[in-house]
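**Q** Sequence first, then the predicted structure:
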Amino acid sequence: MVETRQRKEFLIDFMEELEEKAAKTGSYQIPFLEKMLSFMERPDDPEILIPPYLDTAKNIAVNAYSFDDENNILDLYVTDYNFEQNEDVLLTVNMTAVTETANKAKRFVTNAKSLMQTIDHSLEAFDLAKIISNEMANLNEINIFVVTNMYYSSNKPVEMSIPGIETVNVQVWDIDRVKQLITSEQAIETDYIDFEKDYGETFEMMFVPDPANGVKEFDCYVGYISAELLAKAYDEWGQKLVERNVRSFLQARGGTNKGIRDTLKDPFQRKMFVAYNNGISTVARTGDFEKVNEGVNQYRVKGLSGWQIVNGGQTTASIHKAYKEGISLQDVYVQAKLTILQVNEFVTKDQHLLEDDMISRISQYANTQNKINKSDLLANTRFMSDLEKFSRNIWIPPLDGRKPENKWYFERARGQYMVDISRRKRGKEQSDFKKQYPKDKVLTKVDLAKYFMSWEGYPHVSSKGGEEAFKKFMDLNKSFWSGSTQDKITLSVYQKLIARAIINQRVEEIVNEMKLRGYKANVIYYTASMLHHLYSGQIDLVAVWEEQSLSDKWDEVIRIIADKTLFYLKDSAGERNVTQWAKQEACWIQYKDSCSKELSNLI
């Protein structure tokens with residue numbers, strides 16, 4: 001089958017990079033988790049526990065966590081990594097096994113107080129137990145992410161409860177989910193949904209008149225859809241319906257969704273749903289429309305190809321949850337907008353890019369109710385596109401007099417590199433591509449932002465996660481993408497951005513070699529910032545680009561700064577959580593004030 005072959009090829013490409021990192025680090029689980037997290041793009045970057053917490057006797061395990069203290073939301077990550085997984089077998093995991101893996105993280109929560117008495121205080125797992133013990137009464141929501149290198153054989157949600165916690169969500173991230181995410185971000189799914197045949201129900205919409213002149217890019221329809229039909233479609237198609245949503249993979253969670261469910265539970269409020277809710281915005285490639293009556297601007301939507309909900313994912317998930325709980329959806333309607341994309345087949349520009357650009361703009365202006373990821377919405381700015389073009393055209397300077405062979409690969413959309421590989425024939429064509437764009441030269445937009453921010457003296461921003469770093473990065477570089485008179489990116493700008501990445505990656509290599517216990521990400525960000533703060537006058541970014549490395553004379557300096565950074569973060573935090581403390585600007589200011597003199601004459 002084509003799907004099986006695609007799965008095998010994707011798994012081979014996915015595992016290839018892990019093999020390389022595992023050979024360097026001696027661990028498969030941590031590189032695997034890091035790679036999976038890069039696709040998940042949570043609001044806060046999780047703190048990866050090194051070593052992961054594991055108590056086989058009590059069947060407790062946690063690999064990473066993040067805590068949103070503003071909204072009192074705790075995210076726990078637990079890895080189910082099967083070393084026997086390979087492309088010949090394609091091992092699967094069932095719902096029972098996934099539930100048991102999730103229960104391992106749940107037991108950490110329910111045993112947090114007793115675990116504080118047994119966990120070494122120097123380990124990050126102790127901080128997690130302390131957060132749970134101190135905040136248990138205030139926690140609104142716990143999300144447990146089961147991250148596995150197997151294929152989840154059931155698409156059914158895992159139900160779980162924790163005493164005292166109102167909302168508990170379990171999400172499964174398997175290899176297939178990453179594959180689907182990458183596919184969805186590169187092109188619209190072409191699955192056909194036959195509303196009339198599959199659900200015995202259609203919905204009606206009005207056609208919005210075409211513009212008087214100009215190039216037609218879409219057909220637009222407005223109307224409403226029954227909540228029950230929406231719930232049934234989501235029940236069958238699941239996350240495929242919201243993969244192009246900038247708030248992808250949402251569950252019925254948070255205050256907005258609780259309000260939606262409360263409205264649906266009340267018989268009177270339920271009938272007012274269409275007045276209370278802003279509805280959904282959707283796109284599709286093609287549709288089967290039937291005119292209701294001649295002379296009336298009304299069409300029956302019988303089926304859609306590539307139907308995607310680009311705004312209204314939370315509304316859809318909440319309605320589906322009510323549907324599954326047996327709440328009546330009779331007389332409940334959802335207002336809807338449907339855009340049929342008209343991408344001109346004769347345009348020479350990449351069709352996927354045209355669709356991405358149109359959907360990004362629709363998503364940007366439709367998503368006004370809730371927080372959305374700037375990194376998703378701004379991926380199609382000229383700034384990002386120009387960086388992508390530079391990375392595809394600028395060769396890395398050779399050091400041995402031979403002709404250039406390699407380039408950096410800037411990944412503007414998640415999974416872009418793997419998609420580029422898969423579009424080429426296996427064998428020489430793929431090998432040539434990987435030789436030109438080596439895996440260790442792939443940079444995501446979020447990585448680039450964090451490297452830039454840490455070098456420029458914002459380690460506290462990088463510590464907040466990729467999303468915050470990207471927002472600040474785009475703000476500091478606004479002249480390249482915002483306003484009527486935008487600056488052009490020069491070769492020098494591009495080279496210096498890559499040089500910052502090279503420096504940060506060298507800092508990370510040294511920190512990994514030192515095997516420091518705890519808070520690795522924070523130590524890297526703060527070490528890079530302090531290196532720049534004290535020694536930027538002696539480090540030429542263009543020279544770093546030319547050499548594609550930071551001179552080894554800085555290795556010992558980095559080691560000393562990194563060691564001091566870890567001590568400072570732990571010591572200055574006091575009774576505070578170290579990770580949360582590292583996110584505050586006061587932490588960076590205090591670090592500079594208290595440690596600069598001691599670290600200023602190392603070379």
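**A** That came in fine, so what should we check first?

**Q** domains for this protein, by residue range?
**A** 2-179, 188-372, 382-599 (automatic domain parsing).

**Q** Please tabulate the ones you listed in a markdown table, including the columns mean neighbour count and mean pLDDT.
**A** Glycine gets a C-beta too; all of them are placed from N, C-alpha and C. Below are the domains of the chain laid out as a markdown table (neighbours: other CB atoms under 10 Å; pLDDT from 0 to 100):
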| stretch | mean neighbour count | mean pLDDT |
| --- | --- | --- |
| domain 2-179 | 17 | 88 |
| domain 188-372 | 17 | 75 |
| domain 382-599 | 18 | 92 |
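
**Q** ok, Leu341 touching Arg285?
**A** Yes. The pair Leu341 and Arg285 qualifies as a contact (CB atoms under 8 Å) at a distance of 6.1 Å.

**Q** need the contact list for Val147.
**A** Neighbouring residues of Val147 by CB atoms under 8 Å, 6 or more residues apart in numbering: 32-33, 36-37, 63, 77-80, 173.

**Q** redo that, cut-off 10 Å
**A** Residues in contact with Val147 (CB atoms under 10 Å, 6 or more residues apart in numbering) are 29, 32-33, 35-37, 40, 63-64, 77-81, 101, 171-174, 177-178.

**Q** now it: how far from Lys428?
**A** 34 Å (CB to CB, to the nearest Å).

**Q** before we move on, what about Asn504?
**A** Applying CB to CB to Asn504 and Lys428 gives a distance of 34 Å.

**Q** among the contacts of Val147, which are in helices?
**A** Counted as lying in helices by DSSP state H, out of these, are 29, 32-33, 35-37, 40, 101, 177-178.

**Q** Could you report the distance from the residue nearest to Glu556 when sequence neighbours are not counted to His533?
**A** Spatial nearest neighbour of Glu556, excluding adjacent residues (CB to CB, 6 or more residues apart in numbering): Leu602 at 7.5 Å. Using CB to CB, Leu602 is found at 13 Å from His533.

**Q** Tell me the residues that contact both of the two, please.
**A** In contact with both Leu602 and His533: Ile561, using CB under 10 Å, 6+ apart.

**Q** who's in contact with Lys583?
**A** 44, 69, 459-465, 468, 522, 577.

**Q** can we see that at 6 Å?
**A** 460, 463-464 (CB atoms under 6 Å, 6 or more residues apart in numbering).

**Q** Now the most centrally placed residue in the chain: phi and psi?
**A** With distances taken as CA atoms, centre = their mean, Glu41 lies nearest the centre of the chain, 1.9 Å away. In terms of degrees, to the nearest 10, the main-chain angles of Glu41 are phi 50, psi 60.

**Q** just the one 5 residues further on next, same as before
**A** In terms of degrees, to the nearest 10, the main-chain angles of Pro46 are phi -70, psi 150.

**Q** Hmm, it is touching Ala64, no?
**A** Yes. Here Pro46 lies in contact with Ala64, judged by CB atoms under 6 Å, at a distance of 4.0 Å.

**Q** list residues touching both of those two?
**A** With CB under 6 Å, 6+ apart as the test, Pro46 and Ala64 both reach Tyr77.

**Q** Give me the contacts around stretch 296-303.
**A** 194-196, 202-207, 288-292.

**Q** residues in contact with Val507?
**A** 524, 527-528, 558.

**Q** Provide the secondary structure category for it.
**A** Three-state call for Val507 (DSSP: H, G, I helix; E, B strand; the rest coil): helix.

**Q** now the host helix or strand of Met453: how far from the chain's centre is it?
**A** In this structure, Met453 sits in helix 445-455 according to DSSP states H and E. The chain centre lies 15 Å from the centre of helix 445-455; the measure is CA atoms, centre = their mean, to the nearest Å.

**Q** do stretch 89-96 as well
**A** How far stretch 89-96 lies from its chain's middle: 24 Å, per CA atoms, centre = their mean.

**Q** Contacts for that stretch next, please.
**A** Outside stretch 89-96, the residues touching it (CB under 6 Å, 6+ apart) are 82, 85, 148, 150-154.

**Q** Stretch 460-474 too?
**A** So stretch 460-474 is contacted by 43-45, 373-375, 378, 446, 449-450, 452-454, 522, 525, 582-585, 587-588 (CB under 6 Å, 6+ apart).

**Q** Among those residues, which ones are in helices?
**A** Short answer: the contacts of stretch 460-474 in helices (DSSP H) are 374-375, 446, 449-450, 452-454, 522, 525, 582, 585, 587-588.

**Q** so where do the strands sit in the stretch 201-350 of the chain?
**A** Secondary structure of the stretch 201-350 of the chain, counting by DSSP state E, counting those that start in this stretch: strands at 203-208, 218-226, 280-284, 286-291, 299-305, 308-311, 333-341.

**Q** who does the third one touch, helix- and strand-wise?
**A** Spelled out, that is strand 280-284. Counting contacts by 3 or more CB pairs under 6 Å, 6 or more residues apart in numbering; DSSP states H and E, strand 280-284 packs against strand 308-311, strand 333-341.

**Q** Distance to Phe10 for these - can I get that in CSV?
**A** Shown next, in CSV, are those (distance: least, CB to CB, whole Å):
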stretch, distance to Phe10
strand 308-311, 21
strand 333-341, 26
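
**Q** right, and these - which one's nearest Phe218?
**A** strand 333-341 (5.0 Å; CB to CB).
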